[in-house]
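Asks: the following block contains a protein sequence and its predicted model.
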Amino acid sequence: MKITSIEAIPFAIPYVKPLRFASGEVHTALHVMVRVTSDDGIVGVAEAPARPFTYGETQESIVAVIKTLFAPQLVGMSILDREAMHAIMNRTVGNPTAKSAVDMAVWDVIGKTLGQPVTALLGGFTDSMRVSHMLGFAEPAKIVAEAERMRSTYGITTFKVKVGRRPFGLDVDVCRALREEMGGDIELYIDGNRGWTPSESLRALNAMADLDLTLAEELCPADDVLGRKWLVDHCNVPFVADESATKPGEVTRELLSGAANAVSIKTARTGFSHSQRVLFQCDGLGAEVVMGNQIDGQIGTLCTVTFGAAFESTTRRAGELSNFLDMSDDLLTEPLEIVDGRLSVRQVPGIGIDIDAGKLAKYRLDQGN
Ligand code: MUC
Ligand code: MG
């Protein structure tokens, strides 16, 4: 049960339709596949998405930190020594997606070694989650057409709308068009990726007061300390901390300071081990959670649903599990399927990530491709 190797394999898969939002845009999935092998010959897999606009990590930095700092220290450790592994990785500050991919690949090895699904080891609450689809910046008619397609093709009826542009009326028009064209049966919430000021945020929320939004996420920066607290005090739906609450200490700070009253949990940045901590903190403090999307591919999405379906409080809201649909391809032998608006966990040992060797060879960037 000892780790014999940790590989970090960069790959690039283009998006059919780029995702644009207030803090950046993604045209190509520049991710890193992390592969952990044990001396029993068991292989665990996860992926780290490079999100420089959120965490400062690049594909190159993720590969470098795993190859030069983490792998040399973790090889030889038991796969069960997760806390000790994190203590070692935490001697390096930052690098949340690199650390999380190692964490989840180790959990995959543990599940396969024990012959149990990771989702069962984590909590085993249920076998699927309702799906929320994230809609990036575009003209109202295009966004409505995308949402209609998601509803008719996949049965998705919950949408997170990216906002945060100036003037805020652009985004208000999009939300209004979605509500007017698609009716009252869809759930709508917004994510500003820190694009607005606190006062712009409140004016926009007031302008959308009749649209029945259910959540407001990171509308303005948490660094606008007083303005943000003022906004949250005036906001009549849960205000979700996403990029301002990337680890347990930040979660406590955001919630106790009144800078947010709900939290987005992203396995891409807190893996399984630290997502548990964040979730239990939120449960203990009475803060709602939503399973968020780091613009994950199918590997990352499977990790999100593996965690999200494992607990009761993570399944109360739809999880953001569908943006892999915008990618031109992926690495799994058996692609994920969203049916009737739900995504299922895989009831097999580990996480259920089976990599297509041909696709990996085609998209990996480290072998002369
Ligand atoms: C989100 O919820 O913000 C966009 C930027 C990022 O870091 O994640 C996505 C989705
Ligand atoms: Mg967000």
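Replies: Perfect, I can see it now. Ligands and ions are numbered 1, 2, ... in the order given.

Asks: ok, residue 359 - contacts?
Replies: Neighbouring residues of residue 359 by CB atoms under 8 Å, 6 or more residues apart in numbering: 329-331. All C-beta atoms are positioned from the backbone trio N, CA, C, and that covers glycine.

Asks: which of these has the largest number of neighbours?
Replies: Highest neighbour count within the contacts of residue 359, by other CB atoms under 10 Å: residue 331, with 27 neighbours.

Asks: my read is that that one contacts residue 361, right?
Replies: No - here residue 331 does not reach residue 361: they are 10.3 Å apart, not a contact under CB atoms under 8 Å.

Asks: what is the burial count for residue 58?
Replies: Counted with other CB under 10 Å, residue 58 comes out at 15.

Asks: likewise the one 10 residues further on?
Replies: Neighbourhood size, residue 68 [other CB under 10 Å]: 10.

Asks: state the pLDDT value of it.
Replies: Per-residue pLDDT puts residue 68 at 98.

Asks: for ligand 2, give me its nearest residue in the stretch 51-200 of the chain.
Replies: residue 191 (4.3 Å; CB to the ion).

Asks: ditto for the stretch 1-150 of the chain
Replies: residue 21 (8.0 Å).

Asks: cool, and the stretch 151-300 of the chain?
Replies: For the stretch 151-300 of the chain and ligand 2, the shortest gap (CB to the ion) falls at residue 242, measuring 3.5 Å.

Asks: that residue contacts residue 189, correct?
Replies: No - taking contacts as CB under 8 Å, residue 242 lies outside contact range of residue 189: 11.8 Å.

Asks: how far away is the spatially most central residue of the chain from residue 323?
Replies: The C-alpha lying nearest the average C-alpha coordinate of the chain belongs to residue 293 (CA atoms, centre = their mean; 2.8 Å). Distance from residue 293 to residue 323, counting by CB to CB, to the nearest Å: 6 Å.

Asks: what do these two both touch?
Replies: 134, 301.

Asks: now do the shared contacts for residue 242 and residue 189.
Replies: Jointly contacting residue 242 and residue 189 under the rule CB under 8 Å, 6+ apart are residue 217.

Asks: so who does the residue nearest to the centre of the chain touch?
Replies: Taking CB under 8 Å, 6+ apart as the test, what residue 293 contacts is 134, 266, 301, 304, 320-321, 323.

Asks: now the buried members of these.
Replies: With burial judged by 16 or more other CB atoms under 10 Å, the buried subset of these is 134, 266, 301, 304, 320-321, 323.

Asks: in JSON lines: these, plus pLDDT and secondary structure.
Replies: JSON lines is the format used below for the buried ones among the contacts of residue 293 (pLDDT from 0 to 100; DSSP: H, G, I helix; E, B strand; the rest coil):
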{"residue": "134", "pLDDT": "98", "secondary structure": "strand"}
{"residue": "266", "pLDDT": "98", "secondary structure": "coil"}
{"residue": "301", "pLDDT": "98", "secondary structure": "helix"}
{"residue": "304", "pLDDT": "99", "secondary structure": "helix"}
{"residue": "320", "pLDDT": "98", "secondary structure": "strand"}
{"residue": "321", "pLDDT": "98", "secondary structure": "coil"}
{"residue": "323", "pLDDT": "96", "secondary structure": "helix"}
